[in-house]
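**Q** Coordinates for the following, if possible.
(2 chains)
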Amino acid sequence: MERVLVWDWPTRIGHWLMALAFLVAYLTGESEEWRLVHVWAGGALAGLVAFRLFWGLVGTRHARFADFVRAPKAAWHYLTGLAGGRAEHYTGHNPAGAYAILALLGLGLAAAATGWPTYQDIGGEWLEELHEGVVNAMLAVVVVHLAGVLVGSLAHRENLPRAMVTGLKLGRRDEAIAGAALWAVPLLLVLALSCAWWLSL
Amino acid sequence: MRPYLLLLGLAVAPSLWAAGPAQFIAEYSAQAGAGFTADAARGKAFAGKNWGVSEKLSSCTACHTENPRNPGRHAVTGKTIQPLSPAVNPERFSDPAKVEKWFKRNCKEVVGRACSPAEKADFIQFVAGAQ
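**A** The predicted model follows:
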C-alpha cells in the first residue's frame, strides 16, 4: 500500500467547515449576545450537510454513500476486529465510521429543522427543548467519532486527521480518485453561505 | 390502589403544571428569607437598570421594553419577543422549568451573575402587575 489521493477537496473542506460550524453553533447556543452568530453557523451547517448528501450521490468514489455505507454486521465485525487488535484496513471510510457519518448528517438536518422554527418563534418551548436534545446527541456522536478516529489512527498507524487535510491515505494505486474535484468547492461555499444568510432572516 | 394514585396525582399535579405568577412570587419570596415582601417598584427599577455587562443587552428592558404588556424586540436579531406580562401572554410564568431556564440565561448575560430569589420575586411582581 502507498499514500494515494482518497478524499477530494469538497469532502475535506466540507468536513472541516462542518466541524467548525458545529463548534461555533454549540458554543454560542445559550447566548443572546451571540444569537446571530449562532444562527449563521447553524444555517451554514445545514447548507454543508445538504451539500454532503448531494456529494454522497454524485461525488468522487470514496465520498459516495454507496462506496462506504455497509450492513450493520460489517460495522460490528470491524469494531470487534479493532477490539481484538486485528482491524481490517479500509481505504475509504471504515464501516463503523460510516454510521457516525450518517448519524451526524441526520442529526445536523434535525438540528436545523428544529432550530430554524425556534428562531422564527413558531415552534414553542418544546421544539427548543428538542433542538437542545438533538444537538447534545450530536455532540455525543462527535465524541464517539473523535474516539474512533484516534483508535483507528493508532490501529492502522495512519494519521487520519491529516488524511482529511491532505486527502492522501494508505491504499492501492487503483483505489485512488482521479481528481480532487476542486470545481465543486465554490458550489459548496455558495450553498453554505446562502443557507447561512437565508436561514438567519 | 388506583384511587389513591389518582388523589396523589391531583395533589401533586397543580404545583407542577398549573403554576401562575403568584406561585412563583411566593416560592421566590420564601427562598429570599423571612420578612421579605416582593415589591413591584423594586422590580421595575431592576428591569430598567443598565448593568454595564453587555452593550446591546444592557438591561431587561433593552429587549422586553419598559412595559411588560408590550411585545419586545431582540436587541441583537431584531426578532419580536412575545410580551412578558402573563395577563397578555398566559404562557408566561406557567412552567417552572422554562422560568428558571430563562432567568439563568438572561441574568448571566445581562446582569453578569445569577439573579437572587429576591430579585426574581420583585421582577415577577412588577411584570405580573403591569397595567
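**Q** could you show me where the helices are in the chain, in order?
**A** All of this is about chain A. Per DSSP state H, chain A carries helices over the ranges A:9-28, A:35-58, A:65-68, A:72-83, A:95-119, A:125-155, A:160-166, A:185-199.
**Q** hm, I was asking about chain B
**A** Using DSSP H, helices in chain B cover B:2-17, B:21-32, B:40-48, B:61-64, B:96-106, B:117-129.
**Q** so which of these gets nearest chain A?
**A** helix B:96-106 (5.5 Å; CB to the nearest CB). To be clear about C-beta, it is placed using only N, CA and C from the backbone, and glycine gets the same treatment.
**Q** Just the CA atoms of that closest one, as PDB, please.
**A** C-alpha atoms of helix B:96-106 as PDB (Å, rounded to 0.1, in the frame of the first residue of the first chain):
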ATOM      1  CA  PRO B  96     -41.200  26.400  36.400                       C
ATOM      2  CA  ALA B  97     -38.500  24.800  34.200                       C
ATOM      3  CA  LYS B  98     -38.900  27.500  31.500                       C
ATOM      4  CA  VAL B  99     -38.900  30.300  34.100                       C
ATOM      5  CA  GLU B 100     -35.700  29.000  35.700                       C
ATOM      6  CA  LYS B 101     -34.000  28.400  32.300                       C
ATOM      7  CA  TRP B 102     -34.600  31.900  31.100                       C
ATOM      8  CA  PHE B 103     -33.700  33.600  34.400                       C
ATOM      9  CA  LYS B 104     -30.500  31.600  34.400                       C
ATOM     10  CA  ARG B 105     -29.500  32.500  30.800                       C
ATOM     11  CA  ASN B 106     -30.600  36.100  30.800                       C
END
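**Q** picking up where we left off before, tabulate the helices of chain A in JSON lines, adding columns for mean neighbour count.
**A** Formatted as JSON lines, the helices of chain A follow (neighbours: other CB atoms under 10 Å in any protein chain shown):
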{"stretch": "helix A:9-28", "mean neighbour count": "19"}
{"stretch": "helix A:35-58", "mean neighbour count": "21"}
{"stretch": "helix A:65-68", "mean neighbour count": "16"}
{"stretch": "helix A:72-83", "mean neighbour count": "14"}
{"stretch": "helix A:95-119", "mean neighbour count": "20"}
{"stretch": "helix A:125-155", "mean neighbour count": "16"}
{"stretch": "helix A:160-166", "mean neighbour count": "15"}
{"stretch": "helix A:185-199", "mean neighbour count": "17"}
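**Q** and among the helices of chain B, the most buried is which?
**A** Mean neighbours per residue, mean count of other CB atoms under 10 Å in any protein chain shown, is largest over the helices of chain B for helix B:117-129, with a mean of 23.
**Q** Which strands or helices does that one pack on?
**A** helix B:21-32, helix B:40-48 (3 or more CB pairs under 8 Å, 6 or more residues apart in numbering or on different chains; DSSP states H and E).
**Q** For A:Pro72, which of those is the nearest?
**A** Of all the helices and strands packed on helix B:117-129, it is helix B:21-32 that lies closest to A:Pro72, at 49.0 Å by CB to CB.
**Q** so how far is that closest one from its chain's centroid?
**A** 10 Å (CA atoms, centre = their mean, to the nearest Å).
**Q** what do you get for stretch A:34-43?
**A** Distance of stretch A:34-43 from the chain centroid (CA atoms, centre = their mean) equals 19 Å.
**Q** Write out the residues of chain B neighbouring chain A.
**A** B:54, B:56-57, B:63, B:74, B:76-77, B:79-80, B:82, B:95, B:98, B:105-106, B:109 (CB under 8 Å from any CB of the partner chain).
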